[in-house]
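Enquirer: What follows is a predicted structure for the sequence shown.
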Amino acid sequence: MKIKIIDKSDQKLTFLLEETTPQFANAIRRISMVEVPNLAINVVNFNKNDSVLYDEIISHRLAMIPLVFNPKDFNYKDVCDCEGNGCSLCEVVFAINKKGPGKVYSKDMKSSNASVKPFHDNILITELDEGQVLKLTAAANLGTGRDHAKFNAAISFYRYYPIVELKGQLKNAEECMKVCPKNALEIKGNKATVTMNCDLCQECVKTADPQGLLEVHGDERRFVFTVESISGLTAEQITLAAIDILKKKAKELEKDIKRLK
């Protein structure tokens, strides 16, 4: 298996995955979305809520706020040494105490851990009128997307690397290139090339005259893979964590197979 980085930022990672199979690519995709541990607000206790939003709506909004944290600093609550009571190694508590008039933003969440905070400061939680108060505490714990969507770490997807074949001279080569919505196709004489932007829409193939000379299909051994973070983790952290999880699953499977012998 080979990996070549195409584009990289904190929130988005695009790479070329080569010499592998659709099954392997799909395993990484699924794990990166729903099995990478992520920190999210899980329990909210309200002392006072005078806003127009119900407690349940505010709880939902808080749960969906991405949190910046270091995965190495936290354990799952059910395996922590505190036996699930909640300590600094498995839980972060946020407090909000705001009086109106004004809007309550994610920046108003005061954290019990200085290294853990909302990814964005300007996420609107609710709005308070004159004299209205919002006072609450919210506990964040580790979880995975298998438990709840609020723990989802990323949106991941891949597509086959495009391959073009030209078996002769096209009468309308210019027209075939123009119908490509991504401007990915180039034809010169009896030679054709296509860029990674091609999404295999087949518009050029349908337009080709005569039919059958132009073919565009996906390489089932190469994939253009994208991981886009929707959490406080970077896309690189999510991808590396997904690969580590897949390795552990493979080792566990190997042990199980050996027991059967």
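Expert: Cool, got the structure. For clarity, every value in this text was computed on a predicted model and none was experimentally measured. Numbering: from 1, shown residues only.
Enquirer: Helices along this structure, start to end?
Expert: Remark: helices assigned in the chain by DSSP state H are 22-34, 55-63, 173-178, 203-207, 235-260.
Enquirer: Now do the first one: distance to the chain's middle.
Expert: Same thing as helix 22-34. 11 Å (C-alpha atoms, centre = their mean, to the nearest Å).
Enquirer: do you know which of the helices of the chain lies nearest L13?
Expert: The minimum distance between L13 and the helices of the chain falls on helix 235-260, with 3.7 Å, by C-beta to C-beta. Every residue, glycine included, has its C-beta placed from N, CA and C.
Enquirer: Tell me how many other residues surround the nearest residue to P162 once chain neighbours are set aside.
Expert: Distance criterion C-beta to C-beta, 6 or more residues apart in numbering; nearest residue to P162, sequence neighbours excluded, is C198 at 3.8 Å. C198: 23 surrounding residues under other C-beta atoms under 10 Å.
Enquirer: burial of L200, as a residue count?
Expert: By other C-beta under 10 Å, the burial measure for L200, its neighbour count, is 16.
Enquirer: next one: P210
Expert: 11.
Enquirer: try the one 4 residues further on
Expert: Look at L214: counted by other C-beta under 10 Å, it has 24 neighbours.
Enquirer: now swap in the one 4 residues further on and tell me
Expert: With neighbours defined by other C-beta under 10 Å, the count for G218 comes to 17.
Enquirer: thinking it is in contact with L200, fair?
Expert: Yes - between G218 and L200 there is a contact under C-beta atoms under 8 Å: 5.7 Å.
Enquirer: Residues that sit against both of these two, list them.
Expert: By C-beta atoms under 8 Å, 6 or more residues apart in numbering, G218 and L200 have these common neighbours: 159-160, 162.
Enquirer: Need the residues you listed in TSV (columns: neighbour count, distance to N183 and pLDDT).
Expert: Shown next, in TSV, are these (neighbours: other C-beta atoms under 10 Å; distance: C-beta to C-beta, whole Å; pLDDT from 0 to 100):
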residue	neighbour count	distance to N183	pLDDT
R159	15	17	94
Y160	18	19	95
P162	21	13	96
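Enquirer: For the residues you listed, could you give me a markdown table that also reports distance to S106?
Expert: Listed next are these as a markdown table, based on distance: C-beta to C-beta, whole Å:
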| residue | distance to S106 |
| --- | --- |
| R159 | 34 |
| Y160 | 39 |
| P162 | 41 |
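Enquirer: Now do the phi/psi pair for the residue nearest to P162.
Expert: Phi and psi for C198, reported as degrees, to the nearest 10, are phi -60, psi 130.
Enquirer: how close does it get to C204?
Expert: 9 Å (C-beta to C-beta, to the nearest Å).
Enquirer: Quickly list what's touching both of the two.
Expert: Residues touching both C198 and C204 (C-beta under 8 Å, 6+ apart): 180, 185, 216.
Enquirer: Can you flag which of these belong to strands?
Expert: Those of those mapping onto strands are 185, 216, per DSSP state E.
Enquirer: Arrange the shared contacts of C198 and C204 in CSV, one row each, with pLDDT and neighbour count as further columns.
Expert: Shown next, in CSV, are these (pLDDT from 0 to 100; neighbours: other C-beta atoms under 10 Å):
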residue, pLDDT, neighbour count
C180, 94, 20
L185, 95, 24
V216, 95, 22
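Enquirer: Show me how the chain divides into domains.
Expert: The record's domain split for the chain, according to automatic domain parsing, is 2-34+155-226, 39-150.
Enquirer: related to what we said a few turns ago, check contacts around the residue nearest to P162.
Expert: Residues near C198 by C-beta under 8 Å, 6+ apart: 162, 164, 180, 182, 184-185, 216.
Enquirer: which other residues reach stretch 168-183?
Expert: Here stretch 168-183 makes contact (C-beta under 8 Å, 6+ apart) with 185-187, 189-190, 195, 197-199, 201, 203-204, 207-210, 213-214.
Enquirer: List the buried residues of it.
Expert: Under the neighbour-count criterion of 16 or more other C-beta atoms under 10 Å, stretch 168-183 has 170, 173, 176-177, 180 buried.
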